[in-house]
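> need a structure here:
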Amino acid sequence: MSKPVPQTEDEILEVMKRSWEADFHFFSNRGKEERERWVVTEFLSSLTIPFSVEELRSDEQSSKVDVIFRDARFQIKEIVEPNRKRGDEIKATYNLVMNANKLAETIGPGFVYDVPTSVNGYELIRERVNSLSAKYGTDKRTLDLLFYVTRTYASIVKKNEINAEELSLFGWRSISCLMGNHACVLFAQPDAPSFLVANGLEA
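Just a heads-up that it's a prediction; the model follows:
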């Protein structure tokens, strides 16, 4: 049975508060593990990999592994808008909505930020891989790097852009990305999880 559509101003405001409470938790530090599992869920769904959510586990915070899925050990990295403080924006809107007593009070000043220029998605990811490589040392050999790209005006990675030889030199077991509802495996070592090897763009 479908839920009744809110009709009155009070009902609409209550729905808004519940929605923003959920969003605030999801994007907070407390929601980090849930957010990371969601990224892997979307990634697997886009690749049409059959799975159950019970198969996704968050490792302890001190671990370099964010999400474990079967024999995959995902390290999740989000690529966001440059110079945009999403957390501050969400917190400001959350406080505005939660303190409102009527709908008119939920309308606050807009956020002004520079619109990012168009960028090549593959180059964006390659640069980030390079910047992360020294930090993870030899652990990279057993880690599956998964980028969640939320930056706008970033092009979808195309097969003819992939330089598998170059990516292999960075030392990660596999490198993948999720851009909107588009997922791809840019590179996977032979000993990477079989579902990543099978979906590699360089294959």
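
> so what's residue 57 closest to, chain neighbours aside?
Distances taken as Cβ to Cβ, 6 or more residues apart in numbering place residue 68 nearest to residue 57, at 4.6 Å, with adjacent residues excluded. C-beta coordinates here come from the backbone N, C-alpha and C atoms, glycine included.

> the one you found sits in which helix or strand?
Element membership of residue 68 [criterion: DSSP states H and E] is strand 67-69.

> show me what the next helix or strand after that strand pairs with in its sheet, parallel or antiparallel.
Once strand 67-69 ends, the next helix or strand along the chain (criterion: DSSP H and E) is strand 72-79. Paired strands of strand 72-79, with direction, are strand 67-69 (antiparallel), strand 144-149 (parallel) (DSSP bridges).

> and residue 125, what element?
Going by DSSP H and E, residue 125 is in helix 121-136.

> who does that helix touch, helix- and strand-wise?
strand 72-79, strand 144-149, helix 164-168, strand 174-179 (3 or more Cβ pairs under 8 Å, 6 or more residues apart in numbering; DSSP states H and E).

> what's the model's confidence in that helix, averaged?
Helix 121-136 shows a mean pLDDT of 91 in the predicted model.

> thinking again about what came up before, can you give me how far the strand holding residue 68 is from the chain middle?
14 Å (Cα atoms, centre = their mean, to the nearest Å).

> distance check, the most centrally placed residue in the chain against residue 46.
Against the mean C-alpha coordinate of the chain, by Cα atoms, centre = their mean, the closest residue is residue 148 at 3.4 Å. Residue 148 is 12 Å from residue 46, where distance means Cβ to Cβ, to the nearest Å.

> which residues do those two both contact?
residue 178 (Cβ atoms under 8 Å, 6 or more residues apart in numbering).

> this completes my enquiry, with thanks.
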